[in-house]
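J.: Sequence first, then the predicted structure:
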Amino acid sequence: MAARQGSSVDSDALRWVGIGLGVVTAAIAVRQLVGTRRDLGAANSSPDVSKAFTVNRPPDEVALLWNDLDPLGDIVEHVRFDVAPGDRGTEVHVRFHPGWFGRRSPARVQERLRQFKQLVETGEIARSTPGASPREFGDMPEGGRLEALLVGGAR
(Lines give C-alpha, C1' and ligand atoms only; values in the text may rest on other atoms or scores of the structure.)
Protein backbone atom coordinates (compact mmCIF):
# COMPACT_ATOMS: atom_id res chain seq x y z
CA MET A 1 0.00 0.00 0.00
CA ALA A 2 2.88 2.37 0.75
CA ALA A 3 4.13 1.83 -2.80
CA ARG A 4 0.75 2.84 -4.15
CA GLN A 5 0.69 6.02 -2.05
CA GLY A 6 4.20 6.89 -3.26
CA SER A 7 3.09 6.36 -6.83
CA SER A 8 0.04 8.58 -6.29
CA VAL A 9 2.15 11.34 -4.74
CA ASP A 10 4.63 11.10 -7.62
CA SER A 11 1.89 11.33 -10.23
CA ASP A 12 0.31 14.32 -8.41
CA ALA A 13 3.69 16.06 -8.27
CA LEU A 14 4.30 15.36 -11.96
CA ARG A 15 0.84 16.67 -12.79
CA TRP A 16 1.56 19.93 -10.90
CA VAL A 17 4.96 20.28 -12.56
CA GLY A 18 3.28 19.77 -15.95
CA ILE A 19 0.61 22.38 -15.13
CA GLY A 20 3.30 24.81 -13.96
CA LEU A 21 5.33 24.30 -17.14
CA GLY A 22 2.18 24.79 -19.23
CA VAL A 23 1.39 28.06 -17.46
CA VAL A 24 4.95 29.34 -17.89
CA THR A 25 4.98 28.33 -21.56
CA ALA A 26 1.63 30.06 -22.15
CA ALA A 27 2.85 33.23 -20.40
CA ILE A 28 6.00 33.31 -22.55
CA ALA A 29 3.94 32.77 -25.71
CA VAL A 30 1.52 35.57 -24.80
CA ARG A 31 4.39 37.93 -24.00
CA GLN A 32 6.04 37.16 -27.33
CA LEU A 33 2.79 37.65 -29.21
CA VAL A 34 2.05 40.99 -27.51
CA GLY A 35 5.63 42.14 -28.10
CA THR A 36 5.39 41.19 -31.78
CA ARG A 37 2.12 43.13 -32.18
CA ARG A 38 3.64 46.19 -30.52
CA ASP A 39 6.63 46.00 -32.87
CA LEU A 40 4.33 45.64 -35.88
CA GLY A 41 2.20 48.52 -34.63
CA ALA A 42 5.24 50.75 -34.33
CA ALA A 43 6.51 49.75 -37.75
CA ASN A 44 3.12 50.29 -39.41
CA SER A 45 2.12 53.42 -37.51
CA SER A 46 1.18 56.19 -39.84
CA PRO A 47 3.42 59.25 -40.05
CA ASP A 48 2.33 62.71 -38.99
CA VAL A 49 0.07 64.54 -41.42
CA SER A 50 0.68 68.16 -42.36
CA LYS A 51 -2.01 70.48 -43.67
CA ALA A 52 -1.62 74.05 -44.88
CA PHE A 53 -4.30 76.53 -45.86
CA THR A 54 -4.60 80.25 -46.38
CA VAL A 55 -6.94 82.48 -44.39
CA ASN A 56 -7.72 85.95 -45.71
CA ARG A 57 -6.95 87.71 -42.41
CA PRO A 58 -3.73 89.06 -40.84
CA PRO A 59 -1.56 86.53 -38.93
CA ASP A 60 -2.07 88.16 -35.52
CA GLU A 61 -5.87 87.97 -35.87
CA VAL A 62 -5.76 84.38 -37.09
CA ALA A 63 -3.46 83.34 -34.22
CA LEU A 64 -5.71 85.09 -31.69
CA LEU A 65 -8.84 83.39 -33.04
CA TRP A 66 -7.02 80.03 -33.20
CA ASN A 67 -6.17 80.35 -29.52
CA ASP A 68 -9.70 81.48 -28.60
CA LEU A 69 -11.54 78.83 -30.62
CA ASP A 70 -9.00 76.02 -30.19
CA PRO A 71 -10.34 74.21 -33.30
CA LEU A 72 -8.26 71.04 -32.92
CA GLY A 73 -7.62 70.97 -29.18
CA ASP A 74 -4.99 68.43 -28.18
CA ILE A 75 -4.97 66.87 -31.65
CA VAL A 76 -2.59 69.39 -33.16
CA GLU A 77 1.09 68.74 -32.50
CA HIS A 78 2.38 71.87 -34.22
CA VAL A 79 0.78 74.99 -35.69
CA ARG A 80 2.49 77.88 -37.42
CA PHE A 81 1.11 81.14 -38.80
CA ASP A 82 3.03 82.76 -41.68
CA VAL A 83 2.30 85.73 -43.91
CA ALA A 84 0.84 84.31 -47.12
CA PRO A 85 2.67 85.02 -50.39
CA GLY A 86 1.54 88.19 -52.14
CA ASP A 87 0.32 89.60 -48.81
CA ARG A 88 -2.92 87.59 -49.15
CA GLY A 89 -3.54 86.85 -45.50
CA THR A 90 -2.11 84.08 -43.37
CA GLU A 91 -0.78 80.65 -44.20
CA VAL A 92 -1.67 78.25 -41.41
CA HIS A 93 0.47 75.10 -41.16
CA VAL A 94 -0.82 72.31 -38.94
CA ARG A 95 0.80 68.96 -38.10
CA PHE A 96 -0.99 66.13 -36.30
CA HIS A 97 -0.80 62.37 -35.85
CA PRO A 98 -3.87 60.89 -37.54
CA GLY A 99 -6.15 58.13 -36.37
CA TRP A 100 -8.46 56.09 -38.54
CA PHE A 101 -11.60 57.05 -36.67
CA GLY A 102 -12.89 59.74 -34.37
CA ARG A 103 -11.44 63.18 -33.79
CA ARG A 104 -8.05 62.36 -35.31
CA SER A 105 -9.29 61.08 -38.65
CA PRO A 106 -7.85 63.18 -41.49
CA ALA A 107 -11.36 63.83 -42.86
CA ARG A 108 -12.59 65.10 -39.49
CA VAL A 109 -9.53 67.33 -39.04
CA GLN A 110 -9.93 68.66 -42.59
CA GLU A 111 -13.58 69.51 -41.88
CA ARG A 112 -12.69 71.34 -38.68
CA LEU A 113 -9.98 73.31 -40.47
CA ARG A 114 -12.49 74.22 -43.20
CA GLN A 115 -14.94 75.41 -40.55
CA PHE A 116 -12.23 77.45 -38.85
CA LYS A 117 -11.24 79.12 -42.14
CA GLN A 118 -14.86 79.97 -42.97
CA LEU A 119 -15.56 81.27 -39.49
CA VAL A 120 -12.47 83.48 -39.40
CA GLU A 121 -13.00 84.90 -42.90
CA THR A 122 -16.77 85.44 -42.85
CA GLY A 123 -17.82 85.28 -39.19
CA GLU A 124 -20.05 82.26 -39.79
CA ILE A 125 -20.12 78.72 -41.14
CA ALA A 126 -22.37 78.42 -44.18
CA ARG A 127 -25.00 75.75 -44.31
CA SER A 128 -27.74 74.76 -46.66
CA THR A 129 -30.60 74.42 -44.14
CA PRO A 130 -31.53 76.28 -40.96
CA GLY A 131 -31.04 74.39 -37.72
CA ALA A 132 -29.86 74.27 -34.15
CA SER A 133 -27.65 76.87 -32.56
CA PRO A 134 -23.91 76.11 -32.16
CA ARG A 135 -22.62 74.40 -29.03
CA GLU A 136 -18.86 74.62 -29.40
CA PHE A 137 -16.45 74.85 -32.29
CA GLY A 138 -15.77 71.13 -32.84
CA ASP A 139 -19.45 70.22 -32.65
CA MET A 140 -20.55 73.33 -34.46
CA PRO A 141 -23.15 72.70 -37.12
CA GLU A 142 -22.78 74.57 -40.34
CA GLY A 143 -24.38 77.98 -40.05
CA GLY A 144 -22.88 78.79 -36.65
CA ARG A 145 -21.79 82.36 -36.00
CA LEU A 146 -18.46 83.55 -34.64
CA GLU A 147 -20.18 85.87 -32.16
CA ALA A 148 -21.95 82.88 -30.62
CA LEU A 149 -18.61 81.23 -29.94
CA LEU A 150 -16.64 84.11 -28.51
CA VAL A 151 -17.88 85.62 -25.26
CA GLY A 152 -18.54 89.29 -25.91
CA GLY A 153 -18.37 88.87 -29.70
CA ALA A 154 -15.31 88.99 -31.96
CA ARG A 155 -12.25 90.46 -30.33
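T.: It's in.

J.: which regions of the protein lie under the pLDDT threshold?
T.: Judged by pLDDT under 70, the chain has its weakly predicted residues at 1-9, 30, 33-45, 129-155.

J.: Quickly list the domain ranges of it.
T.: 1-45, 49-149 (automatic domain parsing).

J.: Can you show me the helices along this structure?
T.: Using DSSP state H, the helices of the chain run over residues 2-44, 59-69, 106-122, 146-149.

J.: what residues are up against residue 108?
T.: Counting by Cβ atoms under 8 Å, 6 or more residues apart in numbering, residue 108 touches residue 102. In this view, the C-beta of every residue, glycine as well, is placed from N, C-alpha and C.

J.: make it 7 Å
T.: Applying Cβ atoms under 7 Å, 6 or more residues apart in numbering to residue 108 gives no contacts.

J.: Same question for the one 10 residues further on.
T.: For residue 118, the contacting residues are 125, 126, taking Cβ under 7 Å, 6+ apart as the criterion.

J.: quick one: it from residue 65, how far?
T.: 12 Å (Cβ to Cβ, to the nearest Å).

J.: before we move on, what about residue 28?
T.: In terms of Cβ to Cβ, residue 28 sits 55 Å off from residue 65.

J.: Look up how far residue 56 lies from residue 108.
T.: Residue 108 sits at a distance of 24 Å from residue 56 (criterion: Cβ to Cβ).

J.: Ok, residue 91 next?
T.: Distance of residue 91 to residue 56, given as Cβ to Cβ: 11 Å.

J.: So what's the residue count around residue 18?
T.: Residue 18: 10 surrounding residues under other Cβ atoms under 10 Å.

J.: these two touch, right, residue 112 and residue 70?
T.: No: the criterion here is Cβ atoms under 7 Å, and residue 112 misses it with residue 70 at 10.4 Å.

J.: okay, those two: which has more neighbours?
T.: The residue with more neighbours, out of residue 112 and residue 70, is residue 112; 20 against 14, by other Cβ under 10 Å.

J.: Could you measure from the more buried one over to residue 23?
T.: Using Cβ to Cβ, one gets 49 Å for the distance from residue 112 to residue 23.
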